[in-house]
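Trainee: missing the sequence, but the structure's below:
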């Protein structure tokens, strides 16, 4: 018997994006757990939630990109809203990510709080506790998550740019 679906959790988005950026279908739960600093059991539960939501296929190997894109563009800002917080040191996100600075010029910096961060800006809560650790060695995941933060906190023009870039990045990542 299936467990009741109690809604998506923020780390579910990160797990799905990581599956996309792994460029392989030969991953195991322990691979995701190790790369994202999330327990095996939480990865397993996340994949169940994503299956129930129609964001991953029945075998839990391939992200349903159309559904995922639809959710990221239209639902995520309501399900996982972000409100910029206090000024703190951290890792640049949203339009403060180096990739986005080519498109958006702003005096205001947004960061994921981190003692290892190099930028002072308004805090945006990461999707989960070890997110900053997970992106340290994964520039592709970092870029995707920063684009999602633009959608969560940006103005209309910024969101439009982020959605266009996100759609292109997700379309060009090879599907296995």
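Mentor: Everything's here; your move. Remember, predicted model here, so these are calculated numbers, not experimental data. Numbers count the residues shown, from 1 in each chain.
Trainee: Could you use CA atoms for every contact and neighbour count after this?
Mentor: Noted.
Trainee: you'd agree residue 144 is up against residue 167?
Mentor: No: Residue 144 sits out of contact with residue 167 when judged by CA atoms under 8 Å, with a separation of 10.0 Å.
Trainee: Quick check on the two: which one has the bigger neighbour count.
Mentor: Under the criterion of other CA atoms under 10 Å, the comparison of residue 144 against residue 167 puts residue 144 first, with 21 against 16.
Trainee: Could you count how many residues lie near the residue nearest to residue 47 when sequence neighbours are not counted?
Mentor: Using CA to CA, 6 or more residues apart in numbering and skipping residues adjacent in sequence, the residue nearest residue 47 is residue 60, 6.5 Å away. Neighbour count for residue 60, taken as other CA under 10 Å: 17.
Trainee: Now do residue 60, the pLDDT please.
Mentor: pLDDT, residue 60: 93.
Trainee: gap between it and residue 7?
Mentor: Separation of residue 60 from residue 7 (CA to CA, to the nearest Å): 17 Å.
Trainee: now do residue 115
Mentor: When residue 115 is compared with residue 7 (using CA to CA), they lie 31 Å apart.
Trainee: likewise residue 147?
Mentor: Counting by CA to CA, the separation of residue 147 from residue 7 is 23 Å.
Trainee: Show me where this protein has its helices.
Mentor: 10-21, 29-36, 40-52, 65-74, 76-79, 131-135, 139-153, 156-172 (DSSP state H).
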